[in-house]
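# below are the sequence and a predicted model for it; my questions follow.
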Amino acid sequence: MKLMSAVIAFAVALAVPLCAGAGTPDEAKGLWLSADKGAVIEFKSCGEAICGRIVWDKDAGTPADTCGVQVAQLERYDNGAWRQGWVYDPRDKKNYKGVVRVKDGDLFIRAFIGVEVLGETEQLKRVDSVPAMPSCRL
Amino acid sequence: MHMFRLPAVASGVLLASAFTTSSMAEERETASFAVDTEVKISSDQRTHGISDSLKRPGAKLSVNVAHESGLVALIEFSSVSKKQFLGGDGYGVTLGGGYRFGDPEAWHFGAGLAAEIFPGAKFDAPHGFDLESGTPTNVRTTRYNSSFAVAEFGYGALEGRLLNVLSKTYRGADTGGVCGTMLALMPDPGRALDCYGRGDKNSRGSWLVELGYKIPLTPVTTLNLHAGSQKIKNFKEANFSDYSIGLTHKWSGFIWSVDWIKTHTKVRELYVVQDGTKLKATDSSALVFSVARKF
């Protein structure tokens, strides 16, 4: 059990910084590369809300093209995250409740069912521009 | 719930509707439930650090259902060794249901019930020992099926799970299963006779504790730490603990994992299995590879 105790202490120590690095409302705006590097999503204001839309897709121009698809809309910035809205998964064509937050410079989009704990998170990296090819015809 | 994969395929109809979206905010109905299916193939099928597949490759099919109320359910089919789960059909079924709540970034909790069923699997073993005649007595049949009360707790990426055994035994751990195995396999019968001397017992009330922590290294790669401790009621000989460290990497639509698993058992004879003329340990350390796909 000594090793167990050590593991618990290590894990708790790692868990503490989770609250660190929360962003501001505007930090979520910009271009973000998806985890599998297959798409770039642009987040920008849409009225009082923030909206995310696919502006680059590695499959652009093919039947799998998702260019232009709006994948998120969050209405309210609260407690370090954009909340109260939806995120869209083009793969299963379903809308989920969503939370978008910036943490340590990365964007975290959480899609969930009903309560936030029933969901999964995608981590995206900020990029300055979209790749040149293939280009989305928006 | 499906892994949130943004750049996935969309239908033409959907795309057409998406292109008409204006820059103004719009309302959309969100899903009230999700069904998540995963198929996993691994080089060794382990549960709490113990191999269920006699250290051979195994497969697992999991279906998770989540409802917006917080209710969740699970059914899982996994291949197991018929040499370990004697008389069985070679697979196990896990059923679970419960309720989850809280903030995934902070404290979150869950509570529920679960059961492990190994269809057809059972064994006969003596539940007593007559010291005067030196013969085992009271041979009875025990099944490996178990049921649990489950409590989950977590803070951020730190996840804990506590299971209390509600069924008569944890995977067949009773006087026949534990003391009988020790009597059969240990060179010195002394500890087995001590075990029999405690009377005919079962393992209802055993505790299983798991703790896990996932550290994202990149958006698609995660370092996984795990520790578990299992306290088998009335049979401290069967107590064991397990630890693992591993990496998970998402690539090409699959989830690839490699884990170094180490298990510490008190009486190894309780975790060996007759395989032909040889005895094989199910608790030895192993590097386990797996690949999974969600649907």
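That came through fine. Numbers count the residues shown, from 1 in each chain, chains lettered A, B, ... in the order given.

# now chain A against chain B: closest residue?
A:Gly114 (2.6 Å; CB to the nearest CB). Every C-beta, even on glycine, is put in place using the N, C-alpha and C of the backbone.

# and the pLDDT for residue 82?
Assuming you mean chain A. pLDDT, A:Trp82: 96.

# sorry, I should have been clearer: chain B.
B:Lys82 is given a pLDDT of 95.

# what's the local residue count around the nearest residue to it once chain neighbours are set aside?
Using CB to CB, 6 or more residues apart in numbering or on different chains and skipping the chain neighbours, the partner closest in space to B:Lys82 is B:Gly90 (5.0 Å). Close neighbours of B:Gly90, defined as other CB atoms under 10 Å in any protein chain shown, add up to 15.

# surely B:Gly90 is in contact with B:Phe77?
No. With contact defined as CB atoms under 8 Å, B:Gly90 does not count as touching B:Phe77 (10.8 Å).

# sorry, back to before: pull the contacting residues for the residue of chain A closest to chain B.
Going by CB atoms under 8 Å, 6 or more residues apart in numbering or on different chains, A:Gly114 touches A:97, B:32, B:66-70.

# give the buried residues for the stretch of helix or strand B:Thr141 belongs to.
Secondary structure assigned from DSSP states H and E places B:Thr141 in strand B:135-143. For strand B:135-143, the neighbour count (16 or more other CB atoms under 10 Å in any protein chain shown) marks B:136, B:142-143 as buried.

# between these, which is closest to chain A?
Distances from chain A to these, taken by CB to the nearest CB, are shortest for B:Thr142, at 28.7 Å.

# tell me the pLDDT at that closest one?
97.

# my read is that B:Trp107 contacts B:Leu158, right?
No. B:Trp107 is beyond contact range of B:Leu158, at 10.1 Å (criterion: CB under 8 Å).

# so which of the two has more stuff around it?
B:Leu158 (20 against 13).

# list the contacts of the closest residue to B:Leu185 other than its chain neighbours.
Excluding the flanking residues, the one nearest B:Leu185 by CB to CB, 6+ apart is B:Glu269, at 4.1 Å. If a contact means CB under 8 Å, 6+ apart, then B:Glu269 has B:181-182, B:185-186 as its contacts.

# from the residues you listed, which ones fall inside helices?
B:181-182, B:185 (DSSP state H).

# quick one, which of the contacts of A:Gly114 are buried?
A:97, B:66-68, B:70.

# rebuild those residues as a markdown table, extending it with pLDDT.
A markdown table is the format used below for the buried ones among the contacts of A:Gly114 (pLDDT from 0 to 100):
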| residue | pLDDT |
| --- | --- |
| A:Lys97 | 95 |
| B:Ala66 | 95 |
| B:His67 | 96 |
| B:Glu68 | 93 |
| B:Gly70 | 95 |
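
# out of those residues, the closest to A:Lys44 would be?
A:Lys44 lies nearest to A:Lys97 out of the buried ones among the contacts of A:Gly114, by CB to CB, at 20.9 Å.

# isn't the closest one up against A:Trp82?
No. Under the criterion of CB under 8 Å, A:Lys97 makes no contact with A:Trp82, lying 12.0 Å away.

# return the member of the contacts of A:Gly114 nearest to B:Val273.
Each of the contacts of A:Gly114 was checked against B:Val273 using CB to CB; the closest is B:Ala66, at 36.4 Å.

# so which strand or helix has the closest one?
Going by DSSP H and E, B:Ala66 is part of strand B:58-67.

# correct me if wrong, but B:His127 is in a strand.
Yes. Counting by DSSP: H, G, I helix; E, B strand; the rest coil, B:His127 is found in a strand.

# would you confirm that it contacts B:Gly176?
Yes. Look at B:His127 against B:Gly176 with CB under 8 Å: they come within range, at 4.7 Å.

# joint contacts of those two?
B:139-140.

# and these two? Which one has more around it.
Using other CB under 10 Å as the criterion, B:His127 and B:Gly176 rank with B:Gly176 on top: 25 against 21.

# where does that one land in three-state SS?
helix.

# I'd assumed B:Thr142 was in contact with it.
Yes. Between B:Gly176 and B:Thr142 there is a contact at 5.6 Å, judged by CB under 8 Å.

# report the set of residues contacting both of these two.
B:123-125.

# give me the buried entries from these.
B:123, B:125.

# ok, the shared contacts of B:Gly176 and B:Thr142 vs B:Thr248, which is closest?
Nearest to B:Thr248 among those, with distances taken as CB to CB, is B:Phe123, at 35.7 Å.

# and the closest one, that's in a strand?
Yes. According to three-state DSSP, B:Phe123 belongs to a strand.

# now do B:Tyr271 against chain A, distance only.
B:Tyr271 sits at a distance of 19 Å from chain A (criterion: CB to the nearest CB, to the nearest Å).

# before we move on, back to that, can you flag the buried ones in the ones in helices among the contacts of B:Glu269?
Of the ones in helices among the contacts of B:Glu269, these count as buried by 16+ other CB under 10 Å: B:181-182.

# adding pLDDT, write the ones in helices among the contacts of B:Glu269 out as a markdown table.
Below are the ones in helices among the contacts of B:Glu269 laid out as a markdown table (pLDDT from 0 to 100):
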| residue | pLDDT |
| --- | --- |
| B:Thr181 | 95 |
| B:Met182 | 95 |
| B:Leu185 | 92 |
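
# which of the ones in helices among the contacts of B:Glu269 lies closest to A:Val87?
The closest of the ones in helices among the contacts of B:Glu269, once distances to A:Val87 are taken by CB to CB, is B:Thr181, at 52.2 Å.

# where does the closest residue to that closest one other than its chain neighbours fall, phi/psi-wise?
For B:Thr181, ignoring the flanking residues on the chain, the nearest one in space by CB to CB, 6+ apart is B:Leu270 at 5.6 Å. B:Leu270 adopts backbone torsions of phi -80, psi -10, taken as degrees, to the nearest 10.
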